[in-house]
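Trainee: no sequence on this one, just coordinates:
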């Protein structure tokens, strides 16, 4: 059920994720969480008592989906957009997470000391898809800043540097992004993470009647570990008829985890 609300004059909707386990306020116009933050959250190998940082957290979609799957985790999110952070704070109350989640408005380029560096077991991010100056900039400013690296803004390399700075030794760093940015992401991680797993995500089966190439990837590694890159089988999100595949449905609608290791 959708409920219309207002945050400082900004129209919001209330949407349900994971079959109703997560309630999320988000802008009606602009950036809206879809499958990517849910898949990202599902891939984090978190345990009760561990601390997770969501970089570029937006309204907290990945954070709350992770908390719905793993009880007892402690969450922190950071985002440069104060409007989205304010909505994330409201979502914290909406999902009864006041005691285990907090959200900070800050620019990762400024190397803020809150959150505290080297203090997270897992750091995850769904960074902007497009480099500064590439693609068509959406007219909605919230959406533009969520999807594109704006001029003088943080580059993908800056995101990687910040995430590694925040991660404990042997902790995990996890990205979801467009396949067009895979080479750049691997280069940024080179020699800095081990146990890397590359997990492709297809909209449709790569061998089906409506075969398409992978559009997204998840890349996960551990800080301070040196082992080779592993290629996983990946996930097909939709069947040829457009319905969710069995595995995707279990993750997106039932809240199952996503095991990346083959």
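Mentor: Right, received. Where do you want to start? Keep in mind that what you see is a predicted model, and the values were worked out from it rather than measured.
Trainee: Need the pLDDT of residue 136.
Mentor: pLDDT for residue 136: 50.
Trainee: Please apply the same query to residue 28.
Mentor: In this model, residue 28 carries a pLDDT of 88.
Trainee: in which helix or strand would I find the nearest residue to it once chain neighbours are set aside?
Mentor: Leaving aside its sequence neighbours, residue 28 sits nearest to residue 11 (Cβ to Cβ, 6 or more residues apart in numbering; 4.2 Å). (C-beta placed from N, C-alpha, C; glycine too.) For residue 11, the element it lies in under DSSP states H and E is strand 10-17.
Trainee: List the beta-bridge partners for residue 172.
Mentor: Beta bridges link residue 172 to residue 122, residue 222, judged by DSSP bridges.
Trainee: Can you tell me how far it is from residue 122?
Mentor: 5 Å (Cβ to Cβ, to the nearest Å).
Trainee: overlap in contacts of these two?
Mentor: Residues touching both residue 172 and residue 122 (Cβ atoms under 8 Å, 6 or more residues apart in numbering) are 44, 45.
Trainee: quick one, what contacts residue 232?
Mentor: 197, 198, 199, 200, 260, 261, 262.
Trainee: quick one: which of the residues you listed is nearest residue 117?
Mentor: Relative to residue 117, the closest of those is residue 197; by Cβ to Cβ it sits at 24.4 Å.
Trainee: give me the number of residues near that closest one?
Mentor: 20 (other Cβ atoms under 10 Å).
Trainee: Next: residue 213.
Mentor: 10.
Trainee: ok, it - contacts?
Mentor: 179, 202, 206.
Trainee: Pretty sure the first one sits against residue 215.
Mentor: Just to be clear, that refers to residue 179. Yes. Using Cβ atoms under 8 Å, residue 179 is in contact with residue 215, at 6.3 Å.
Trainee: Which element is encountered next along the chain beyond the helix or strand of the chain with the lowest mean pLDDT?
Mentor: Each helix and strand of the chain was given a mean pLDDT (mean pLDDT, DSSP states H and E); the minimum falls on helix 141-147 at a mean of 44. Sequence-wise, the next helix or strand downstream of helix 141-147 (DSSP H and E) is helix 156-166.
Trainee: State the mean pLDDT of that next one.
Mentor: Mean predicted confidence for helix 156-166 is 94.
Trainee: now swap in stretch 182-199 and tell me
Mentor: Stretch 182-199 shows a mean pLDDT of 93.
Trainee: Stretch 107-118 too?
Mentor: For stretch 107-118, the per-residue pLDDT averages 90.
Trainee: Would you mind measuring the gap between the ends of it?
Mentor: 17 Å (Cα to Cα, to the nearest Å).
Trainee: Show me the contact partners of it.
Mentor: The contact list for stretch 107-118, computed with Cβ under 8 Å, 6+ apart, reads 53, 55, 76, 78, 80, 104, 106, 153-154, 158-159, 162, 165-169.
Trainee: Buried only: go through those for me.
Mentor: When the contacts of stretch 107-118 are checked for burial by 16 or more other Cβ atoms under 10 Å, the buried set is 53, 55, 76, 78, 80, 106, 154, 158-159, 162, 166-168.
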